[in-house]
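S.K.: build me a model from this:
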Amino acid sequence: MNNSQLDNLTINTIRTLSMDAVQKANSGHPGAPMGAAAMAYALWFHILNHNPHNPSWINRDRFILSPGHASMLLYSILHLSGYKVTINDLKNFRQFNSNTPGHPEYGMTPGVELTTGPLGAGFAMGIGMAIAEAFLSNNINQDDNKIIDHYTYGIVSDGDLMEGVASEAASLAGTLQLGKIIYLYDDNKISIEGSTELSFTENVIDRFKSYNWHVIKINDGNNINEITTAIKIAQLENKKPSIIVVPTIIAEGSPNKAGTAASHGAPLGKEEVELTKENLNWNYAESFYVPDEVKKHFEITIKKGKENEKKWNEQLLQFEKKYPAIFHQWSNVFKNKQDLDWIDSAPVYNKEDRIATRSASGDFLNFASDNLINLIGGSADLGPSNNTHLKNKKDFSSNTHSGNNIHFGVREHAMGNIINGIYLHKGMHAFTGTFLVFSDYMKPAIRLAALQNIPAKFIFTHDSIGLGEDGPTHQPIEHLASLRAIPRLEVYRPADANETIASWQEIFRRNKPSAIILTRQKVKTISSQKQAAKGVSKGAYIILDSADPEIILLATGSEVQLAVEASKELSKTNIGARVISMPSWELFEEQSFEYKQSIIPNSIKTRIAIEAGSSFGWHKYVQDDSNIISINNFGASAPAEELFSHFGFTKDNLIKKILSLLNKN
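M.R.: Coordinates of the predicted model:
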């Protein structure tokens, strides 16, 4: 069997495995894997630098399957390449508890770098991976020893390019001149509803050239030599990201469904599978069959991967000997282990100090950047407002990829996914910033961070009507509730500067997907450093108490100060109120029943929740809507103090409400 015949046999093995798995599951997308089989094979067998026996090797090339619905393409390649994805795994495609779910999921399948499914997200996360590679390589590598030196490859689809997040990410990647991104565009001209002519007629080549990308168009999506040559040409371009336009036919080989939308999201059907195999000259009756020639062929990949990592480990030893200071400075980064001893020396504020929590957050970020060499982040063109700029640090820009400050521009959705990609690369700490109201623009990325359980850090400032005159378009109402509704996401809304620092300490210690919600306006510091540190770690705590409390006041953020003021006023008339600061519902719900009862006991039935946002969710802690001072309508354009007064967030209104509940009017 000559090389061309072996290539064709291998490509058809990928196609038949994909169609067999979808057919057995009676669910899935056979068309894209069949059409893109040749480009995937060319990339994985002839180009990709990876070790199937160590999927976490730090200097491996990264691969993104952005159209996650084509997952069987990736699973088939992983199986053939020697990853721990068995034939039985392929047979269990889309079944409960299998490691071959309907869309690739990070942490579930060896060799899967990230969770893809929402179109465009993988495209954008790949940009984050490339930023991480560029940052690490520019800060670590030496002229004679390049320890971090790899590419980010991806297959992207029409659907990816239609989604706005891909446009945002592509624009930024071109601006930053990320030359080690190489995407292959599966140009099959079919979407679910039919031909892409229905909705997608733009000139993709001109579009990406305008983004400052290097664009290559090949003629034949089944020509292995043409594809590999194009990738090698793209590797030579180090100032621009590259996209290779690869014309393909969806469901290549299917006599009746090739080139049609019918093959996109449904099994071909038993009869069509048989006809397709016959058309491909597939002479094996058994389903899920891998010819011995193909198995032997991929032994080259396994051997090459081991040898490449072995050479890299030897290179690393030489690096350590010649550059011990740099090596030891970054060694824990390689291991994804960094001590947090520094965190206990974080800034502390005096009681009565008036400081916006966004400012305290900025103090912490700059403190952290002095202790973490691999901290990187930025905001969606709101650095001065979000306090996210790292002072005395360089910008990450087209001129230098060693800086810590990323200017994302007004691109919230891409920003969120890029931060996810930076984390998925490993070796980095990263954060983003924008106004809380614009969390809506990046909610899909926040959800993906939580789904992948990666410690992405999302900063949201201007957290309420307290931002004032910008009005209801910029005043968040339902946003806190919607963030709290995301599984695995830990949401912090600190009451003051010390709680803000304590929240950041917990975010770093717990190392989970997190959002911190911060004020624009200055607020009085009402907690001590010790009180805040202990209290935030529990999610909720007693910030002010009385000897015999008749009512419990629960609040977050700037409204805690209001509760404290009301409690002090009530104490003058011998009415005892307990004030609970609840910076994180998620952390509070982790606590023991005994702890929860110690601060919100069942014996104290009268409770009021105070939060300048939606009442949604507070019902689990209070009796009914009448016990919640909140905002269930949109805000208005006016000075902050006037708005707080209008919506009932005043000491007098709170006291009136408390007296009414206690029947002491």
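S.K.: use CA for all of it now, contacts and neighbours both
M.R.: Fine.
S.K.: got a list of what the nearest residue to L119 once chain neighbours are set aside touches?
M.R.: Setting aside the residues directly before and after it, L119 is nearest to D160 in space (CA to CA, 6 or more residues apart in numbering), at 4.8 Å. Each residue near D160 by CA atoms under 8 Å, 6 or more residues apart in numbering is listed here: S66, P67, L119, G120, A121, F123, A166.
S.K.: how many residues are close by the second one?
M.R.: For P67, the number of neighbouring residues by other CA atoms under 10 Å comes to 26.
S.K.: quick check, it in contact with G154.
M.R.: No - using CA atoms under 8 Å, P67 is not in contact with G154; the gap is 9.7 Å.
S.K.: coming back round to it: in helices only, show me the contacts of D160.
M.R.: Among the contacts of D160, the members found in helices (DSSP state H) are A121, F123, A166.
S.K.: closest to Y541 among those?
M.R.: The shortest gap between Y541 and any of the ones in helices among the contacts of D160 belongs to A121, at 38.3 Å (CA to CA).
S.K.: what's the burial count for A450?
M.R.: Neighbours of A450 (other CA under 10 Å): 21.
S.K.: got a list of what it touches?
M.R.: Contacts of A450 by CA under 8 Å, 6+ apart are I486, P487, R488, L489, P513.
S.K.: before we move on, what SS does the nearest residue to the last one once chain neighbours are set aside have?
M.R.: Nearest-residue entry for P513: P455, 4.2 Å, with adjacent residues in sequence omitted and distances by CA to CA, 6+ apart. Using DSSP: H, G, I helix; E, B strand; the rest coil as the criterion, the local structure at P455 reads coil.
S.K.: surely P455 and A449 touch.
M.R.: Yes - in this structure P455 lies within contact range of A449 using CA under 8 Å: 7.4 Å.
S.K.: between the two, which contacts overlap?
M.R.: In contact with both P455 and A449: P513, using CA under 8 Å, 6+ apart.
S.K.: do you have the helices of the stretch 451-600 of the chain handy? List them.
M.R.: 479-484, 497-510, 529-538, 559-571, 585-590, 593-599 (DSSP state H, counting those that start in this stretch).
S.K.: export those as TSV, with columns for mean pLDDT, distance to K296 and mean neighbour count.
M.R.: Formatted as TSV, those follow (pLDDT from 0 to 100; distance: least, CA to CA, whole Å; neighbours: other CA atoms under 10 Å):
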stretch	mean pLDDT	distance to K296	mean neighbour count
helix 479-484	98	50	19
helix 497-510	98	45	24
helix 529-538	97	55	20
helix 559-571	96	67	21
helix 585-590	98	51	17
helix 593-599	97	59	13
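S.K.: which of the contacts of D160 sit farthest apart?
M.R.: P67 and A166 (12.0 Å).
S.K.: overlap of the contact sets of these two?
M.R.: Common contact partners of P67 and A166 (CA under 8 Å, 6+ apart): G120, D160.
S.K.: hang on, the earlier thing: which one of the contacts of D160 is nearest K572?
M.R.: The nearest member of these to K572, counting by CA to CA, is A121 at 56.6 Å.
S.K.: and the closest residue to that closest one other than its chain neighbours, how far is that from G154?
M.R.: Nearest non-adjacent residue to A121, counting by CA to CA, 6+ apart: N417, 6.3 Å away. From N417 across to G154, the span is 15 Å (CA to CA, to the nearest Å).
S.K.: more neighbours: which of these two?
M.R.: N417 (31 against 23).
S.K.: ok, that one - contacts?
M.R.: Contacts of N417 (CA under 8 Å, 6+ apart): A121, G122, A124, M125, G128, A445, I446.
S.K.: redo those residues as CSV? Include distance to P494, pLDDT and neighbour count.
M.R.: Conversion of these to CSV gives the following (distance: CA to CA, whole Å; pLDDT from 0 to 100; neighbours: other CA atoms under 10 Å):
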residue, distance to P494, pLDDT, neighbour count
A121, 30, 98, 31
G122, 33, 98, 31
A124, 31, 98, 30
M125, 30, 98, 31
G128, 29, 98, 27
A445, 23, 98, 26
I446, 20, 98, 27
